[in-house]
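>>> Need a 3D model of the sequence below.
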Amino acid sequence: MIRPAPAPLKARRSWRHLRTQHLGASWPVVAINLGVLLLAALLTWLAIDWAVVSAVSPWADPGRCSLASGACWPFVLEKAPLILFGTFAFAERWRPALVSAVLLGMSLVTLFQAWPGRWQALGWIVAIALFGSLMGGGVIGLSVVPSAQWNGLPVLLFLGAASLACALPVGLLLALARRSQRRWLCYLAIGAIETLRGIPMVAVLFFGVFVLPLVFSGWNLSPVHAALLVLIAFHGAYVAEDLRSGFQSIPAGQWDACKGIGLSHWQSLRGVILPQVTKAATPALTNTAIGGFKDTSLIVLVGLHDLLSTAKMSFADALWQKQALEAYVFVGLIFFLVSRSIAAAGKRLERLQHKTG
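Now for the predicted structure:
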């Protein structure tokens, strides 16, 4: 009986390497991993079929949506202004559109450090002034719009960008206070950080939106500004912990070396220690920034209308009640693009830090 020639040793080794390194060491594990891969492939195909193959083109007749088994993109095209700008007056929607464009532009400029620091600061001052002027009105002949009608993308971008930008110095102060030799200041910082990190953000938001305006009634604190203060404090606690991890990575000899060359404590901190701390804490800070931006969607729970709330408004129409999935996919894509931009900026900053040593 003639036996078939055995497979080449190299081919057998390559299959064994593929199985042990990527699929698992035992056959049950291989079977489970292959099943997961097949399930992932099936789900991917179903998503592509729903979004592309069986979908209705955005420029097609909306009447075809009732016959199609896929996505109804004409719904998104028609309801995009409502999802993005909410209940803002139709004739005045150029105002939130302009505000959103400016805030997005400044966010990208800051993330990728396209301008020098002074120009960035000036740009943010102009952006915040435009947000207050265009959204609120009452200047240069613009009609007054109450803050209850500030909905959708402009509010999300304003709260996300402003809270994270202000949380950085707040977190740095808390981190420095936690390392202070004055015990009362250290314990005060620890109490603030652990309290904010130990309470759910929803509870903090309820306190800020409903209690702070009562406490500071003379300040005319709107829900948007109250939510901003809460987000700054909440994210500042997490930034403080990120920076504390960076401080702990610095050897004690760095401080001794600074003292040895005659630098004061603040000179050492600013010129030697802080650059190394931010370099070590950049991955954690990037993660906090992404989480902080996504957490702004929780403002819907305290009566402020973000993108999720305006998405619900879009399919509340009797003609579009079956298009909830398309609305949430559109909103999810916006969150994904912004979060991906933050992650890309964080990776770019890490590469620059490694190049500069």
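>>> Without its sequence neighbours, what residue ends up closest to W255?
S268 (6.4 Å; CB to CB, 6 or more residues apart in numbering). Backbone N, C-alpha and C define where each C-beta goes, glycine included.
>>> correct me, but the one you found touches I261?
No - using CB atoms under 8 Å, S268 is not in contact with I261; the gap is 9.2 Å.
>>> Give me the more crowded residue out of those two.
Per other CB atoms under 10 Å, whichever of S268 and I261 has more neighbours is S268, with 18 against 9.
>>> which other helices and strands contact the longest helix seen in the chain?
Determined from DSSP state H, the single longest helix within the chain is helix 324-355. Using 3 or more CB pairs under 8 Å, 6 or more residues apart in numbering; DSSP states H and E as the contact test, the elements touching helix 324-355 are helix 73-85, helix 94-111, helix 274-295, helix 307-314.
>>> In CSV: the ones you listed, plus mean pLDDT.
Converted to CSV, the helices and strands packed on helix 324-355 look like this (pLDDT from 0 to 100):
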stretch, mean pLDDT
helix 73-85, 89
helix 94-111, 88
helix 274-295, 89
helix 307-314, 87
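>>> Which among these is found nearest to A177?
A177 lies closest to helix 274-295 among the helices and strands packed on helix 324-355, at 14.9 Å (CB to CB).
>>> For that closest one, list every residue counted as buried.
For helix 274-295, a neighbour-count test (16 or more other CB atoms under 10 Å) marks 274, 276-282, 284-286, 288-290, 292-293, 295 as buried.
>>> Ok, stretch 178-193 next?
178, 189, 192-193.
>>> need the contact list for the most centrally placed residue in the chain.
Centroid-nearest residue in the chain: F293, 2.8 Å away (criterion: CA atoms, centre = their mean). Taking CB atoms under 8 Å, 6 or more residues apart in numbering, we find F293 in contact with 160, 164, 335, 338-339, 342.
>>> Can you say which of those are buried?
By neighbour count, with 16+ other CB under 10 Å, these hold 160, 164, 335, 338, 342 as buried.
>>> got those residues as TSV, with pLDDT and distance to F210 columns?
Putting these into TSV (pLDDT from 0 to 100; distance: CB to CB, whole Å) gives the following:
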residue	pLDDT	distance to F210
G160	88	22
L164	87	24
F335	91	26
V338	89	28
I342	89	30
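>>> out of those residues, who's nearest L104?
For those, the residue nearest L104 by CB to CB is V338; the value is 8.5 Å.
>>> got the contact list for the closest one?
Contacts were defined as CB under 8 Å, 6+ apart; by that measure V338 touches 107, 160, 293.
>>> Show me what the helix or strand hosting the second one is packed against.
The one in question is G160. Using DSSP states H and E, G160 falls within helix 153-178. Contact here means 3+ CB pairs under 8 Å, 6+ apart; on that basis helix 153-178 packs against helix 73-85, helix 94-111, helix 117-136, helix 183-198, helix 223-248, helix 274-295.
>>> can those go into a markdown table with extra columns for distance to A55?
What follows is the helices and strands packed on helix 153-178, written out as a markdown table (distance: least, CB to CB, whole Å):
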| stretch | distance to A55 |
| --- | --- |
| helix 73-85 | 6 |
| helix 94-111 | 27 |
| helix 117-136 | 35 |
| helix 183-198 | 43 |
| helix 223-248 | 36 |
| helix 274-295 | 27 |
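>>> Go through those helices and name the closest to V155.
helix 223-248 (6.4 Å).
>>> Quick one: name whatever helix or strand follows that closest one.
Per DSSP H and E, helix 223-248 leads on to helix 252-260 as the next helix or strand towards the C-terminus.
>>> for that following helix, which positions count as buried?
255, 258.
>>> And the contacts of it?
For helix 252-260, using CB under 8 Å, 6+ apart, the contacting residues are 267-268, 272-273, 276.
>>> I'd like to know which of these is nearest to L82.
Q276 (48.0 Å).
>>> Would you confirm that that closest one contacts F247?
No - here Q276 does not reach F247: they are 9.2 Å apart, not a contact under CB under 8 Å.
>>> Spit out the residues that contact these two alike.
Both Q276 and F247 lack any common contacting residue under the criterion CB under 8 Å, 6+ apart.
>>> Flag the shaky bits of the stretch 51-200 of the chain, pLDDT-wise.
Within the stretch 51-200 of the chain, no range satisfies pLDDT under 70.
>>> just to revisit the earlier point, so for V36, which of the helices and strands packed on helix 324-355 sits nearest?
Distance to V36, taken as CB to CB, is lowest for helix 274-295 among the helices and strands packed on helix 324-355, at 26.2 Å.
>>> Just the CA coordinates for the closest one, please, in CSV.
Taking C-alpha atoms only, helix 274-295 is exported to CSV below (Å, rounded to 0.1, in the frame of the first residue of the first chain):
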residue,chain,number,x,y,z
LEU,A,274,6.0,69.0,34.9
PRO,A,275,7.2,68.3,31.4
GLN,A,276,8.1,64.7,32.5
VAL,A,277,4.8,64.4,34.4
THR,A,278,2.7,65.3,31.4
LYS,A,279,4.7,63.0,29.2
ALA,A,280,4.1,60.1,31.6
ALA,A,281,0.4,60.9,32.1
THR,A,282,-0.4,61.6,28.4
PRO,A,283,-2.1,58.2,27.8
ALA,A,284,-4.2,58.5,30.9
LEU,A,285,-5.1,62.1,30.1
THR,A,286,-6.2,61.1,26.6
ASN,A,287,-8.4,58.4,28.0
THR,A,288,-9.9,60.9,30.5
ALA,A,289,-10.6,63.4,27.7
ILE,A,290,-12.4,60.8,25.6
GLY,A,291,-14.5,59.6,28.5
GLY,A,292,-15.2,63.2,29.5
PHE,A,293,-16.5,64.1,26.1
LYS,A,294,-18.8,61.1,26.0
ASP,A,295,-20.0,61.8,29.6
